[in-house]
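Peer 1: this one's structure only:
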């Protein structure tokens with residue numbers, strides 16, 4: 001064993017050059033009688049399936065997501081957003097002789113977009129008839145089924161609240177997410193006039209914060225048509241009440257009163273899906289897992305909707321427990337075809353959850369020798385035949401398996417947490433069978 005450690009640093013430092021020059025059947029012989037050899041194993045079985053997580057917490061992200069995607073592989077996805085407002089009105093804010101003009105909702109882009117922004121989409125704004133409330137996080141027995149990303153009370157992607165059937169306003173527009181523009185929706189004049197009169201009368205439904213929440217419970221912004229999902233800054237969302245007045249010199253002037261976002265925790269994005277006529281048509285909250293054989297060996301990941309790829313490596317535990325070997329390096333490689341460069345681009349990075357026997361994500365695979373979350377960056381392929389890929393380093397994970405940790409668990413391949421809760425990025429992992437697109441490589445020393 002002492003000789004193993006004597007040779008190990010040299011083996012690791014010289015591996016790639018030695019591997020090129022001396023490799024024979026996956027083995028590099030050290031040219032002595034110690035019996036030491038550096039070997040490569042790439043035949044560990046990978047079992048993949050597409051899995052649907054529970055509804056995800058989409059509140060308190062700071063992002064309003066709106067739009068619709070029509071995807072031949074994943075079906076139709078529609079995103080709407082709910083939020084409350086508060087009045088910034090202060091007593092005495094109106095000038096004498098002020099006259100109501102208009103009521104507008106103003107949204108500012110945050111730069112996020114996914115899909116085809118050349119297609120126009122319609123936004124509709126509806127007034128809520130019930131107040132937005134958080135879902136409480138229960139403790140006790142349910143702790144084991146609480147995902148790692150659920151830390152407190154929240155509102156989830158499947159949540160919704162009642163609203164008036166007739167829209168307060170609507171706007172047909174072509175998204176320009178990379179510009180500094182705002183999207184403005186003209187709202188119901190009667191509502192604006194009513195609010196204006198309440199301000200004139202110093203009505204408590206305007207001046208008292210709690211009574212205002214009972215009077216105006218919030219809005220839902222819905223989307224129709226379109227081919228993209230676009231993000232807007234939640235903390236910049238405003239409803240402006242415009243009015244006119246004459247200054248002391250008799251000039252006609254315009255001013256406004258702002259209604260800003262009330263509670264960031266109570267703004268959330270609601271996501272609906274329709275997967276009929278796709279390979280994922282049977283995927284739902286009653287039937288959460290689809291084996292790769294049922295999807296023509298296509299595995300899927302999508303943020304927002306909670307679709308992840310479940311991976312099982314039944315041979316890895318057996319391998320790391322083999323006597324007389326030391327694991328030097330373990331890689332999990334996910335390959336994608338270059339056709340991910342179309343309208344729906346590949347995520348910039350992926351992560352791996354460690355899920356319990358109930359498929360609940362309980363932790364995240366860390367970077368090597370670090371407490372930071374490991375993110376595998378996308379390495380672009382090309383149209384000449386080179387696949388795109390993501391590479392995870394799993395030597396630490398393999399060592400933990402050897403110590404008896406992570407029993408009865410699986411790995412869940414996902415977009416990073418921010419994208420899982422706050423985006424719709426997706427990835428298709430294709431192949432004649434999972435092993436073509438997802439594989440392991442293990443470098444080990446045998447003695």
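Peer 2: Right, received. Where do you want to start? This is a predicted model, so every value here is computed, not measured. Numbering: from 1, shown residues only.

Peer 1: going on from the strand ranked longest in the chain, what's the next piece of helix or strand?
Peer 2: If you go by DSSP state E, the chain has its longest strand at strand 99-127. Counting by DSSP states H and E, the next helix or strand C-terminal to strand 99-127 is strand 169-173.

Peer 1: Against which helices or strands is that next one packed?
Peer 2: Judged by 3 or more CB pairs under 8 Å, 6 or more residues apart in numbering; DSSP states H and E, the packing partners of strand 169-173 are strand 99-127, strand 182-186. Where you see a C-beta, it was placed from the backbone N, CA and C, and this is true even at glycine.

Peer 1: how far away is residue 447 from residue 39?
Peer 2: Distance, residue 447 to residue 39, using CB to CB, to the nearest Å: 11 Å.

Peer 1: I misspoke; the intended subject was residue 375.
Peer 2: In this view, residue 375 and residue 39 are 29 Å apart by CB to CB.

Peer 1: picking up where we left off before, can you pull the residues that touch both of residue 447 and residue 39?
Peer 2: Counting by CB atoms under 8 Å, 6 or more residues apart in numbering, residue 447 and residue 39 have no shared contacts at all.

Peer 1: can you give me phi and psi for residue 411?
Peer 2: Reported as degrees, to the nearest 10, the phi and psi values for residue 411 are phi -110, psi 140.

Peer 1: in the protein, what spans have low per-residue confidence?
Peer 2: 1-37, 90-93, 138-142, 338-341, 383-385, 431-436 (pLDDT under 70).

Peer 1: and stretch 118-128, which residues are buried?
Peer 2: By 16 or more other CB atoms under 10 Å, the buried positions in stretch 118-128 come out as 121, 123-128.

Peer 1: wait, is residue 445 part of a strand?
Peer 2: Yes: under DSSP: H, G, I helix; E, B strand; the rest coil, residue 445 sits within a strand.

Peer 1: number of nearby residues for it?
Peer 2: Applying other CB atoms under 10 Å, we find 20 residues neighbouring residue 445.

Peer 1: Pretty sure it sits against residue 38.
Peer 2: Yes: counting by CB atoms under 8 Å, residue 445 touches residue 38, with 5.7 Å between them.

Peer 1: just to revisit the earlier point, so which of the helices and strands packed on strand 169-173 comes closest to residue 319?
Peer 2: Set against residue 319 and scored by CB to CB, the helices and strands packed on strand 169-173 come closest in strand 99-127, at 38.8 Å.

Peer 1: partners of the longest strand of the chain in the sheet?
Peer 2: Applying DSSP bridges, strand 99-127 is found paired with strand 169-173 (antiparallel), strand 182-186 (antiparallel), strand 219-233 (antiparallel), strand 238-246 (antiparallel).

Peer 1: Mind listing what's buried along the last one?
Peer 2: Of the residues in strand 238-246, those with enough neighbours to count as buried (16+ other CB under 10 Å) are 238-241, 243, 245.

Peer 1: what distance separates it from the middle of the whole chain?
Peer 2: The chain centroid and the centroid of strand 238-246 are separated by 37 Å, computed with CA atoms, centre = their mean, to the nearest Å.

Peer 1: right, and the helix or strand after that strand?
Peer 2: Following strand 238-246 in sequence, per DSSP H and E, is strand 252-261.

Peer 1: After that following strand, heading C-terminal, what element do we hit next?
Peer 2: Sequence order places strand 268-274 as the next helix or strand after strand 252-261, per DSSP H and E.

Peer 1: Identify each buried residue in that following strand, please.
Peer 2: Using 16+ other CB under 10 Å as the test for burial, strand 268-274 gives 268-271, 273.

Peer 1: Let me see the contact set for residue 113.
Peer 2: 175, 177-178, 228-231.

Peer 1: Farthest-apart pair in those residues, please.
Peer 2: 178 and 229 (14.4 Å).

Peer 1: higher neighbour count, these two?
Peer 2: The neighbour comparison of residue 178 against residue 229 (other CB under 10 Å) goes to residue 229, with 29 against 10.

Peer 1: gap between the more buried one and residue 343?
Peer 2: Distance, residue 229 to residue 343, by CB to CB: 12 Å.

Peer 1: And residue 199, by the same measure?
Peer 2: Using CB to CB, we find residue 199 at a distance of 46 Å from residue 343.

Peer 1: repeat for residue 369
Peer 2: Separation of residue 369 from residue 343 (CB to CB): 39 Å.
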